[in-house]
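> take a look and give me a structure for this.
(one chain, ligands or ions: 1)
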Amino acid sequence: EDEDMDLDALTKRSAFHAKPDGLILQYGTAGFRTKAEHLDHVMFRMGLLAVLRSKQTKSTIGVMVTASHNPEEDNGVKLVDPLGEMLAPSWEEHATCLANAEDQNLQSVLMDISEKVAVNLHQDAFVVIGRDTRPSSEKLSQSVIDGVTVLGGQVHDYGLLTTPQLHYMVYCRNTSGQYGEATTEGYYEKLSKAFVELTGQVDCANGIGALKLGEMKPYFSQGLSVQLFNDGSGGKLNYFCGADFVKTHQKPPQGIEMKSNERCCSFDGDADRIVYYYQDVDGHFHLLDGDKIATLISSFLKELVLEIGESLNIGVVQTAYANGSSTRYLEEVVKVPVYCTKTGVKHLHHKAQEFDIGVYFEANGHGTVLFSKAAETKIKQLAKELEDKKSKAAKMLENVIDLFNQCSCLLTPVSSAELGRRQPGQTEGIHIQALLVLLSSLQATGDAISDMLVIEAVLALKGLTIQQWDALYTDLPNRQLKVKVADRQVISTTDAERQVVKPPGLQEAINDLVKKYKLSRAFVRPSGTEDIVRVYAEADSQESADSLAYEVSLAVFQLAGGVGERPQS
Ligand code: G16
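Down below sits the predicted model:
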C-alpha cells in the first residue's frame, strides 16, 4: 500500500510474535501487565505503535519493559510520550486494540490506527527502549525492537534503566539536550549536582535501583555513604522487600539491618516509588509513605509562597488510598486544597497540571511536583519587580521553576552536613540554592532516586529528623488486602474509586460494615496491574482496621465471584 510501510515484512515478522488464542489484555494503570510468557506479541506490537506515535508527534518515544512492583514472573510494557509523560489516554485505546487484534487482522488494525491519528508515514520514527532486571525483560525488549525496525523506525536500546531514567532520556532527546544529556551520565550529573554527601539505608527491592544508585556513586564528590540492601545479588525481585511490600505489610523488608531511629527507605522494582521508615527505640516500626512525603514537600513549598505574598495556588492530589489523617492535615494545617483522583499517576498528574504548583503523591510513594507556565511567568516577573526580602523568596521560586522546567541552572554545590548545621527554618542563601538544584531533579512522573534527594534536602534545610517529620500527624490505622475473583472487571466504581457501582449489593454491604467501626472508611477496586481486587480499610484502631478489611474482603469474595481460598481473618 505504502512504500514507507512494508506490509509484507510486517506479516512475516509478526508470525514470529503470534498472539495466543483468546488472550485479551488492557492497557491498565501502568501499561500492559501479566505473566511474562504471555507478552511477546504485545511487545512486538508496542514497538509498532511506538513508531506510529513517533511519526505522529515527530518526536522520540520511549518504551519501557517492566512490571515494576509485580512479582518477578510478571512483566509489562508502557509507552513514554515526548515530554517524558505517560502515554496520552486516547492512545491507550489504540494500544489495547492493537494488542488484542487477531494475527490475521493485525495489518488492518494498524492501518486503521494510522488513519485515525493521521500519521504521515513518510515521517521518520525514533524509539528509545529501557528494561528492568527481570529475567524475561531482555528477550521481551528484543521483541519491541523487532516491532520498531519492521516499520522502519530507528531504535536506541538503553538496556537496563529505571523507569524514570527512560522518561528522562525521552525528555532530553525531545528538547535537544536543554534539560540534560540523554545518557545515564547526564542523569547522574543532573541529580548529584547539589549533593556532595548522602547517608542512609536503601532497600532496592532486588531490582534496578541498586544498580543505578551504585552507578551514581562516583558523582557524589564525598562519596555516597548509602548502604544498599536487597541489591539483587541474592534475593528475588520484590519478594519480601521493596516499597510495595513495606507499604502494604507495614513492616521492614527482609534483609535490611535497621538500627533504631535510623532513616531507611525502600524503592520498588523499577525505582519510581519510594517510602521511608524507621524503628524507634522500643522496636516499633514507623512508615512514612507517599502521603507523608506530599505533606513534607507541600508545606515546604507553601512556606516559600507565603513569603513572597503572592496568590500562587498550590494543590495536592491524592487517591482514595490517602490516609484520612494526611488529607485532614493538608487541608487544616498546611491549608492547601486536596483533590482525589483514580489510582494511577497518569490521573494524578493530569489533575496536578490544573494548579500553579501541583504536588501529587500516591500513598504507595509514587509522585512528584509540577509547576504551571503561568506560575513560572508570574514568579519571574515578581522576581524582577521586588527588591527586598520578598524578592529573594520570589527568586528562589523562580529558580525552582526554571529547574522544574528543565532550564539548566548552575548553582554552588553544598554538603548536607553544612545544610544540617543551619538553623531550622532558615531559608536563605546557599542551602536554598542547593534545594533548588535538588528540586530540579524531580522528574515528570516521579522518581525514587530524585525524590529521595529532594526529601533529604528538605529534611536538612528544615533541620527535621525523621521522627519529627513523622510526628507532623498520626496515620489512622489501616489495612490493605487482595481478593482473588474469577473476573475482576465485574467490579466497577465511581467517585474516584471510592464507591462501587457494580455488582449490585456490594456497596450497600460495605456501607453496613463501615458503620460498625469508628472513624472508619473502606473501598474496593479492581487492580490495573495485578489480577486481583484491592481492599482498603481504615479505622480508629489497628484491630478495627484489620477486622473491617477482612469483612469487606469476605463481601467481595461472596458478591463478586471470589475464587480459591476464602479470605482469612
Ligand atoms: C503502578 C502505577 C501506580 C499505581 C500502581 C498500582 O505502579 O504506576 O500509579 O498506584 O501501579 O495500581 P493498581 O492498584 O491499579 O494495581 P507501579 O509501581 O507498579 O508501576
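
> what does stretch 236-256 contact?
69-72, 132-134, 201, 203-207, 229-230, 234-235, 258, 264, 266-269, 273-275, 277, 279, 285, 287, 289, 363-365, 448, 480 (CB atoms under 8 Å, 6 or more residues apart in numbering). Yep, even glycine has a C-beta here, placed from its N, CA and C like the rest.

> now stretch 117-126
2, 4-5, 50-52, 54-56, 58-61, 91, 94, 113-114, 148, 151-156, 173.

> which among these count as buried?
5, 50-52, 54-56, 59-61, 91, 94, 113-114, 148, 151-153, 155, 173 (16 or more other CB atoms under 10 Å).

> so of the residues you listed, which ones are in strands?
60-61, 155 (DSSP state E).

> ok, residue 163 - contacts?
Neighbours of residue 163 in contact, by CB under 8 Å, 6+ apart: 64, 66, 68, 78, 130, 132, 270-272, 445.

> need the max-distance pair from those.
Within these, 132 and 445 form the most distant pair, 15.6 Å apart (CB to CB).

> those two: which is more packed in?
residue 132 (27 against 24; other CB atoms under 10 Å).

> the more buried one and the ligand, how far apart?
10 Å (CB to the nearest ligand atom, to the nearest Å).

> assign residue 568 to helix, strand or coil.
coil (DSSP: H, G, I helix; E, B strand; the rest coil).

> so how far is residue 51 from it?
Relative to residue 51, residue 568 is positioned 48 Å away (criterion: CB to CB, to the nearest Å).

> got it, and residue 370?
From residue 370 to residue 51 the distance is 29 Å (CB to CB).

> now swap in residue 130 and tell me
Residue 130 sits at a distance of 17 Å from residue 51 (criterion: CB to CB).

> so which of the contacts of stretch 236-256 are in strands?
201, 203, 229, 264, 266-267, 274-275, 277, 279, 285, 287, 480.

> which of these are buried?
Buried among the ones in strands among the contacts of stretch 236-256 by 16+ other CB under 10 Å: 201, 203, 229, 264, 266-267, 274-275, 277, 279, 287, 480.

> coming back round to it: out of the ones in strands among the buried ones among the contacts of stretch 117-126, which is nearest to the ligand?
Closest approach to the ligand among these (CB to the nearest ligand atom): residue 61, at 18.3 Å.

> for the closest one, give me the pLDDT.
Looking at residue 61, its pLDDT stands at 98.

> now do the same for residue 43: helix, strand or coil?
Assignment for residue 43 (three-state DSSP): helix.

> low-scoring stretches of the protein, by residue?
Where the chain drops to pLDDT under 70, the residues are 1-4, 193-199, 221-224, 308-309, 379-380, 382-443.

> which bits of it sit near the ligand?
29-30, 68-69, 268, 272-273, 343-345, 362, 364, 366, 527-530, 534 (CB under 6 Å from any ligand atom).

> 5 Å instead?
29-30, 68-69, 268, 343-345, 362, 527-529 (CB under 5 Å from any ligand atom).

> can you put those residues in JSON lines and add neighbour count?
Putting these into JSON lines (neighbours: other CB atoms under 10 Å) gives the following:
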{"residue": "29", "neighbour count": "19"}
{"residue": "30", "neighbour count": "27"}
{"residue": "68", "neighbour count": "30"}
{"residue": "69", "neighbour count": "28"}
{"residue": "268", "neighbour count": "33"}
{"residue": "343", "neighbour count": "24"}
{"residue": "344", "neighbour count": "19"}
{"residue": "345", "neighbour count": "27"}
{"residue": "362", "neighbour count": "26"}
{"residue": "527", "neighbour count": "16"}
{"residue": "528", "neighbour count": "17"}
{"residue": "529", "neighbour count": "21"}
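
> any idea how far the residue nearest the centre of the chain lies from residue 495?
Residue closest to the mean C-alpha point of the chain, counted by CA atoms, centre = their mean, is residue 366 at 3.7 Å. Distance, residue 366 to residue 495, using CB to CB: 21 Å.

> which parts of the stretch 151-300 of the chain are helices?
163-174, 184-192, 208-216, 242-249, 290-308 (DSSP state H, counting those that start in this stretch).

> pick the most deeply packed of those.
Most buried of the helices of the stretch 151-300 of the chain by mean neighbour count (mean count of other CB atoms under 10 Å) is helix 163-174; its value is a mean of 26.

> how far off centre is that helix?
Offset of helix 163-174 from its chain centre (CA atoms, centre = their mean, to the nearest Å): 14 Å.

> what of stretch 34-52?
With CA atoms, centre = their mean, you get 21 Å for stretch 34-52.

> quick check: buried residues in that stretch?
Buried residues in stretch 34-52 (16+ other CB under 10 Å): 34, 36, 39-52.

> could you do stretch 450-466 as well?
For stretch 450-466, by 16+ other CB under 10 Å, it's 450-462, 464, 466.

> show me where the stretch 351-500 of the chain has strands.
357-361, 367-371, 478-483, 492-494, 499-502 (DSSP state E, counting those that start in this stretch).

> out of those strands, which one sits most buried?
By mean count of other CB under 10 Å, the strands of the stretch 351-500 of the chain have strand 357-361 as the most buried, with a mean of 29.

> quick one, that one and strand 274-279 angle?
Counting by axes from the mean of the first three to the mean of the last three CA atoms, to 10 degrees, strand 357-361 lies at 60 degrees to strand 274-279.

> what helices or strands is strand 357-361 leaning on?
Applying 3 or more CB pairs under 8 Å, 6 or more residues apart in numbering; DSSP states H and E, one finds that strand 357-361 contacts helix 290-308, strand 314-319, helix 345-352, strand 367-371.

> how far off strand 314-319 does that strand point, in degrees?
Using the same axes, to 10 degrees: strand 357-361 against strand 314-319 is 20 degrees.

> all helices for the stretch 301-450 of the chain, in order.
324-329, 345-352, 373-385, 389-404, 416-421, 429-440, 448-462.

> my bad, should have said the stretch 1-150 of the chain
7-14, 40-57, 89-100, 106-116, 137-150.

> now for the second one, which elements pack on it?
Using 3+ CB pairs under 8 Å, 6+ apart, the elements in contact with helix 40-57 are helix 7-14, strand 60-65, strand 74-80, helix 89-100, helix 106-116, strand 126-131, helix 137-150.
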